[in-house]
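Undergrad: here is the input, now give the coordinates:
(one chain, ligands or ions: 1)
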Amino acid sequence: MTDKPAVLVIGHLPQRDLDAMARRFTVLEYFSAADKPAFLAKHGASVRFVSTRGETGINAEQLAALPNLEIVACYAVGTDMVDLAACRARKIPVTNTAGVLTDEVADMALALLLSAFRQIPAGDAWVRGGDWAAKGSMALQRRMYGKRLGIVGLGAIGRAVAKRAEGFAMPIAYSGRSKQDIPYAYYPDPLAMAPHVDALVVCAAGGPATRNLVSAAVIAALPKGAILVNVARGTVVEEAAVIAALRSGQLGAAGLDVFLNEPAIDPVFAGFPNVVLQPHAASATYETRGAMGDLMLANMEAWLDGRPLLTPVA
Ligand code: GLV
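TA: So this is what the prediction gives:
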């Protein structure tokens, strides 16, 4: 027997983080259990801590199976898959990894933007597949610097995207709940902003409040051939409308890191040569994932030691 508190690990974690956790916790690898209900029934009462990922979160049914749960620690900034209302009702704090992944996600947004404007993967395929030698130069692509950028959701990640885009001389607009003390053009919603931008980068948090925020109407209001980048959540954009707009040419290109139904995404995306796809990997570098694992564990240890949490979710 051990007197280390039990942590239910709902979302798969790198071994380095499981090893670090095991120094002070009894690690229960729910993510690898074949029969998850049986695993919960067996261990549920012993669980005081939950570790989870953005994609996995924790739902009401799982929470109900954990009567002694004290805290949910997320290995993500987004907690839209956590039943926050149920946690609040039981006074269970939730922590995330805000701060340490901001710049990494912003880097990915810029990489997707550049890839979409300049069609970098298509150029790579042109060289790799022999078209260059067989057919000559590939088609011209569009310039990115100086183009008008609209950011949906100007939180920490949105601001980091804007800072990078300034380096490309892109006039910046943003939409969000409130106007900020920042010299970018403000629009209260993406629909009002859409006609004034050449590219839209979606940075808003997921969850019910932002579901389909980038709607079919928003996409239709963009100039024809505009570019869409999403590093937020698949739920924030109306995915069927994105697909229709890529088919019609209303969207000229897209860079997508997030989707509905990850990882079994709509296979239609793979057929668009002008869409750059990423497997929800915006924060996925050694450096940032290491920092995320450290911060998640630091929150768990703070709770265990009776210290203030580092990054509680409001
Ligand atoms: C990843 O999507 C995160 O929320 O950190």
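Undergrad: which residues of the protein lie near the ligand?
TA: 54, 76-78, 101, 283 (Cβ under 6 Å from any ligand atom). Heads up, the C-betas are built off the backbone N, CA and C, glycines and all.
Undergrad: pipe the residues you listed into CSV and attach neighbour count per row.
TA: Compiled in CSV, the residues of the chain next to the ligand are given as follows (neighbours: other Cβ atoms under 10 Å):
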residue, neighbour count
54, 23
76, 22
77, 22
78, 22
101, 27
283, 25
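Undergrad: among these, which are in helices?
TA: Among those, DSSP state H puts none in helices.
Undergrad: for the residues you listed, which one is nearest residue 111?
TA: Taking Cβ to Cβ as the measure, residue 111 lies nearest residue 283 of the residues of the chain next to the ligand, at 12.9 Å.
Undergrad: follow-up on the earlier one: mind putting the residues of the chain next to the ligand into JSON lines with pLDDT?
TA: Listed next are the residues of the chain next to the ligand as JSON lines, based on pLDDT from 0 to 100:
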{"residue": "54", "pLDDT": "96"}
{"residue": "76", "pLDDT": "98"}
{"residue": "77", "pLDDT": "98"}
{"residue": "78", "pLDDT": "97"}
{"residue": "101", "pLDDT": "98"}
{"residue": "283", "pLDDT": "98"}
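Undergrad: distance to residue 91 added to the residues you listed, as a markdown table?
TA: Formatted as a markdown table, those follow (distance: Cβ to Cβ, whole Å):
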| residue | distance to residue 91 |
| --- | --- |
| 54 | 23 |
| 76 | 22 |
| 77 | 23 |
| 78 | 22 |
| 101 | 27 |
| 283 | 29 |
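Undergrad: show me which of these is closest to residue 261.
TA: Closest to residue 261, out of all of the residues of the chain next to the ligand and judged by Cβ to Cβ, is residue 54, at 14.8 Å.
Undergrad: residue 196: what's it in contact with?
TA: Contact partners of residue 196, counting by Cβ atoms under 8 Å, 6 or more residues apart in numbering, are 148, 150, 173, 185, 187.
Undergrad: quick one: which of these is most hemmed in?
TA: Counting neighbours by other Cβ atoms under 10 Å, the top entry in the contacts of residue 196 is residue 150, with 28 neighbours.
Undergrad: let me know the secondary structure of that residue.
TA: Assigned state for residue 150: strand (three-state reduction, DSSP: H, G, I helix; E, B strand; the rest coil).
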